[in-house]
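Chemist: predicted structure and sequence below. I'll ask about it afterward.
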Amino acid sequence: MTTPSWNTEDLTFDETLFSGVTRLFPLPNLVLYPHVVQPLHIYEERYREMVADALVTDRLITMSILEPGWETDYDSRPPVAPVGCLGKIITHHRMEDGCFNLLLLGMRRVRISRELEPIRAFRQAEVELLTDCYTDDTSLDPELLRHNLLEEFRQHLPKESYADPLDQILSRHIPLGALTDLVSYTLPLAPKVKQELLNECQVEIRAQLLIQQFHQPIQTGPVRPAGEPGFPPLFSTN
């Protein structure tokens, strides 16, 4: 069996070159965050066209979760959550049948301002880039929140889940904003909760919301691996 050839792109995002128009890739229960990498298997024709278009231009795609009730209109343009995550294709492989396997790196939170009239098989929208900010509330100590979040995270993860790659990541001094995104992505939280965490741009508030989740019954499900032996890691399909 031959090993697939993977095309790796750069990991940078220059917001001064961003036009404000992005391709939309809505899925029912997958919330992407900045600072994390999501493996995707693309097989629907409209999304294969979307990826092909992205690869010859800016390689940018915005993931946004579908609003409740999407089941009756999935093949059309059901409503999506107003806040999504702009991601960049950093690695891809086109298969013989035209499908794609790719890795999408979350770059920035975005707010969808207006969806554009359809001129392609895939959806497009104008978006506003959102920026993490810190509150003026001096009672919220970012370093203390970071410490508490790390402690809770380590205690709630099965040991095999952070054995090597994730443990190495957690041992570094990750900024609080990036840490909240990593934890939000990894924990098996309900999609509604994950979306609420994506919506929140105030870093300390986001950290507080996450810490509160540890003191409630966390929805059972597989923990997203931060690293897998071999490449590519497990894929999410459209």
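Modeler: Yes, it's here. Treat the numbers as computed from the prediction; the structure is a model and nothing was measured.
Chemist: may I see the buried residues of the lengthiest helix in the chain?
Modeler: The helix that spans the most residues within the chain, counting by DSSP state H, is helix 142-156. Of all the residues in helix 142-156, those buried under the rule 16 or more other C-beta atoms under 10 Å are 145, 146, 148, 149, 150, 152, 153. Where C-beta positions appear, they are placed from N, C-alpha and C, glycine not excepted.
Chemist: was I right to think the second one contacts residue 178?
Modeler: No: counting by C-beta atoms under 8 Å, residue 146 sits too far from residue 178 to count as a contact (10.2 Å).
Chemist: before we move on, the earlier item: which residues are contacting the longest helix of the chain?
Modeler: Helix 142-156 is contacted from outside by 134, 162, 170, 174, 176, 179-180, 183, 186-187, 203-204, 207-208, 210-211, 214, 218, using C-beta atoms under 8 Å, 6 or more residues apart in numbering.
Chemist: return a ChimeraX selection command for the buried portion of those residues.
Modeler: Applying 16+ other C-beta under 10 Å to these, the buried members can be selected in ChimeraX as follows:
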select :162,170,174,176,179,180,183,186,187,203,204,207,208,210,211,214
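Chemist: quick one: pLDDT of the most centrally placed residue in the chain?
Modeler: The chain has residue 32 as the residue nearest its centroid, 1.5 Å off, counting by C-alpha atoms, centre = their mean. Note on residue 32: pLDDT of 97.
Chemist: quick one: it is in a helix?
Modeler: No: with DSSP: H, G, I helix; E, B strand; the rest coil as the criterion, residue 32 is assigned coil and is not in a helix.
Chemist: and it, what is it in contact with?
Modeler: By C-beta under 8 Å, 6+ apart, the contact set of residue 32 is 38, 63, 84, 85, 87, 104, 106, 185.
Chemist: please redo it, this time with the cut-off set to 7 Å
Modeler: By C-beta atoms under 7 Å, 6 or more residues apart in numbering, residue 32 lies in contact with 38, 63, 85, 87, 104, 106.
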